[in-house]
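Colleague: Predicted model, plus sequence, below.
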Amino acid sequence: MSRDGTVTGIDHVELFVADWDDAAAWYERVLGLAPDVSFEEWWATGRGPLVLSVDDTTKLALFERETATRGQAVSPHRIAFQTDAAGFLSFVDRLDTLDLTNRDGEPVSPADVVDHDLSYSLYFTDPDGNWLELTTNDHDTVAAELG
């Protein structure tokens, strides 16, 4: 269990790819990563990334993007840090003291928590403008607390 928003690991790294199927085949062939069926709802409905995993703890989230061509600066898009429900809720409670901003430079508040139906996330930037995310897959517990 984490406390005060302490991360328990990197949840996933996001990459842009031109084609999910081609990319998934390559990552499976080369690195042994396979689609994580617990997130199938996202890519099956086109609402989210194709999530690949080798061990259910370290994930690669592939986002289709037309401009994902060799040599262009399109990835990594964001680094997502994982925490449990208690850590996520503690982090949200402390937002006023953390002085975080989003990629537009606007303050991040509890109203910015995103419900992905399978997980909850909060998006913000580091002082250099790198895009970061704190996420938890403890959806039901967080949903009950956030009401």
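Modeller: Sure thing, it's come through.

Colleague: Neighbours of Leu134, how many?
Modeller: By other C-beta atoms under 10 Å, 22 other residues sit near Leu134. The C-beta positions use only the backbone N, C-alpha and C, and glycine is treated the same way.

Colleague: Surely it and Val7 touch.
Modeller: Yes: here Leu134 reaches Val7: they are 7.2 Å apart, a contact under C-beta atoms under 8 Å.

Colleague: what sits in contact with each of these two?
Modeller: Counting by C-beta atoms under 8 Å, 6 or more residues apart in numbering, the shared contacts of Leu134 and Val7 are 81, 83.

Colleague: element containing the nearest residue to Gly48 once chain neighbours are set aside?
Modeller: In space, and not counting its chain neighbours, Gly48 is closest to Trp42: 3.0 Å by C-beta to C-beta, 6 or more residues apart in numbering. Applying DSSP states H and E as the criterion places Trp42 in helix 40-45.

Colleague: any idea which helix or strand comes after that helix?
Modeller: Following helix 40-45 toward the C-terminus (DSSP H and E): strand 50-53.

Colleague: For beta bridges, what are the partners of Phe124?
Modeller: Bridge pairing for Phe124 (DSSP bridges) gives the partners Leu132.

Colleague: swap that for Gln82, please
Modeller: Gly9, Thr135.

Colleague: can you count the residues close to it?
Modeller: 22.

Colleague: Kindly report the same for Leu50.
Modeller: For Leu50, using other C-beta under 10 Å, the count is 22.
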